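> need a structure here:
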Amino acid sequence: MGLAACSTTSSGGDTAATDPGALTDVKLQLQWFTQAQFAGYFAALDQGYYKDAGLDVTILEGGVDIVPQTVLAQNKADYAIAWVPKALASREAGAGITDVAQVFQRSGTLQVSFKDKNITTAADLKGKKVGNWGFGNEYELFAGMTKAGLNPGKDVKLVQQQFDMNALLKGDIDAAQAMIYNEYAQVLEAKNPKTGKLYTADDFNAINWNDEGTAMLQDAIWANTEKLKSDSAYQDQTVKFIAASLKGWAYCRDNVEKCRDIVVAKGSKLGASHQLWQMNEINKLIWPATNGAGTIDTAAWDQTVKIAQDTKNAEGKTVLTKAPDADAYTNDYVTKALAELKADGVDTTGSSYKPETVTLEAGGA
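Predicted coordinates:
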């Protein structure tokens, strides 16, 4: 699996046009390393859904120094997975990208603390040592504190947090930022030194920004804005890519363990139980999808944009200085993709979806 810097973009539908039996080369840039956060795309590749759609998809792994929306804007990938606020910031800076499918319908960000800290709402963070990752990941937290009447720069002690839970477990901070599908699992995989057993959810409180009303949209499929306007082959390809990807996510909804195994086989460095937890929690962010998987909800979009414009981080900066224009997102392609999937008998809403119960092992093994 190559990194974005080593890739070149596909040539739209030209290959398929010259040979009806050929597959169109497509590159998808992930925003992080291989893990169940992206299982639907790996499943679509593994199960042949992309191939069935006439696409030869290469999945480009993300990493610390890779900005997926920039890779897309530089024509080094055909599509990219990125959080909406970060992608909109890049778009305001000139990146020609459009959200064409909002895969995650809900935010997966939490603020986690030990039970004895009595932190159950954003207001309870007053006077506490509050960990946050920065780099654009902190705006839900800052919006939550601001909504609760706190001044993040004065009423709490902000601490730069690493992308793990060590500071929380050591007691260096009172509340830590965590993704429900990753870092939250890390504390449940750790041993309580007082008991010698793994911590349980009963040992912690977790503020969920969906409940606090300051959630922001996260993983979405982004496409090239100019090509969406001018390239009919790319337009058709986008519908096919979305449909096959969503079919992959539906497969992972119904085959949690198989998708865990697919991701592990693709080279994930995370343990099997951790990946199973992650797959289960990712499904909760997607399903049920009342309006159809991938559909961009206007209210959720508007809330994300408002927070991105109004909420200041520790440096006093906002994600956006103005509202994005009408090309920032569209439901046109996902609507067509969903129609195709429904015609093929694919459940695109998951109305009867029920999550599984996952038992984590020490260290996520």
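> Now do the helices in the stretch 101-250 of the chain.
Along the stretch 101-250 of the chain, counting by DSSP state H, counting those that start in this stretch, helices occupy 139-147, 166-170, 183-188, 209-212, 225-230, 232-254.
> Now the longest one: buried residues?
By that I understand helix 232-254. Within helix 232-254, the residues scored as buried using 16 or more other Cβ atoms under 10 Å are 233-253. Heads up, the C-betas are built off the backbone N, CA and C, glycines and all.
> sorry, back to before: so which of the helices of the stretch 101-250 of the chain comes closest to Val264?
With Cβ to Cβ, the closest approach to Val264 among the helices of the stretch 101-250 of the chain belongs to helix 232-254: 13.3 Å.
> I'd like the next helix or strand past that closest one.
Per DSSP states H and E, the first helix or strand lying C-terminal to helix 232-254 is helix 256-265.
> from the chain's centre, how far out does that next one sit?
Computed by Cα atoms, centre = their mean, to the nearest Å, the chain-centroid distance of helix 256-265 equals 18 Å.
> Output the below-cut-off pLDDT ranges for the protein.
1-20 (pLDDT under 70).
> what bridges to the residue most central in space within it?
Nearest residue to the geometric centre of the chain (Cα atoms, centre = their mean): Asp219, 3.0 Å. Counting by DSSP bridges, Asp219 is bridged to Trp83.
> for it, what are its contacts?
31, 37, 81-83, 103-104, 285 (Cβ atoms under 8 Å, 6 or more residues apart in numbering).
> From these, pick the one nearest Gly316.
Closest to Gly316, out of all of the contacts of Asp219 and judged by Cβ to Cβ, is Trp83, at 21.3 Å.
> For that closest one, give me its contacts.
Trp83 touches 31, 136, 216-220, counting by Cβ under 8 Å, 6+ apart.
> so Leu28 is in which element?
With DSSP H and E as criterion, Leu28 is part of strand 24-29.
> What's the first helix or strand after that strand?
helix 39-46.
> what about Glu315, how many neighbours?
Glu315 has 7 neighbouring residues, counting by other Cβ atoms under 10 Å.
> how far away is it from Phe142?
As judged by Cβ to Cβ, to the nearest Å, Glu315 and Phe142 stand 11 Å apart.
> so which of the helices of the stretch 101-250 of the chain gets nearest Ala44?
Checking these against Ala44 by Cβ to Cβ gives helix 232-254 as the closest, at 3.0 Å.
> Could I have the CA atoms of that closest one written out in PDB?
C-alpha atoms of helix 232-254 as PDB (Å, rounded to 0.1, in the frame of the first residue of the first chain):
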ATOM      1  CA  SER A 232     -19.000  13.500 -17.100                       C
ATOM      2  CA  ALA A 233     -16.900  10.300 -16.700                       C
ATOM      3  CA  TYR A 234     -15.800  11.500 -13.200                       C
ATOM      4  CA  GLN A 235     -19.400  12.200 -12.300                       C
ATOM      5  CA  ASP A 236     -20.500   8.700 -13.300                       C
ATOM      6  CA  GLN A 237     -17.400   7.300 -11.500                       C
ATOM      7  CA  THR A 238     -18.300   9.100  -8.300                       C
ATOM      8  CA  VAL A 239     -21.700   7.600  -8.200                       C
ATOM      9  CA  LYS A 240     -20.200   4.100  -8.700                       C
ATOM     10  CA  PHE A 241     -17.500   4.700  -6.100                       C
ATOM     11  CA  ILE A 242     -20.000   5.900  -3.500                       C
ATOM     12  CA  ALA A 243     -22.400   3.000  -4.100                       C
ATOM     13  CA  ALA A 244     -19.600   0.400  -3.900                       C
ATOM     14  CA  SER A 245     -18.200   2.000  -0.700                       C
ATOM     15  CA  LEU A 246     -21.600   2.200   1.000                       C
ATOM     16  CA  LYS A 247     -22.200  -1.400   0.000                       C
ATOM     17  CA  GLY A 248     -18.900  -2.200   1.800                       C
ATOM     18  CA  TRP A 249     -20.200  -0.400   4.900                       C
ATOM     19  CA  ALA A 250     -23.400  -2.300   4.800                       C
ATOM     20  CA  TYR A 251     -21.400  -5.500   4.600                       C
ATOM     21  CA  CYS A 252     -19.400  -4.400   7.700                       C
ATOM     22  CA  ARG A 253     -22.700  -3.600   9.500                       C
ATOM     23  CA  ASP A 254     -23.800  -7.200   9.000                       C
END
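> That helix: how far from the chain's middle?
With Cα atoms, centre = their mean as the basis, helix 232-254 stands 17 Å off its chain's centre.
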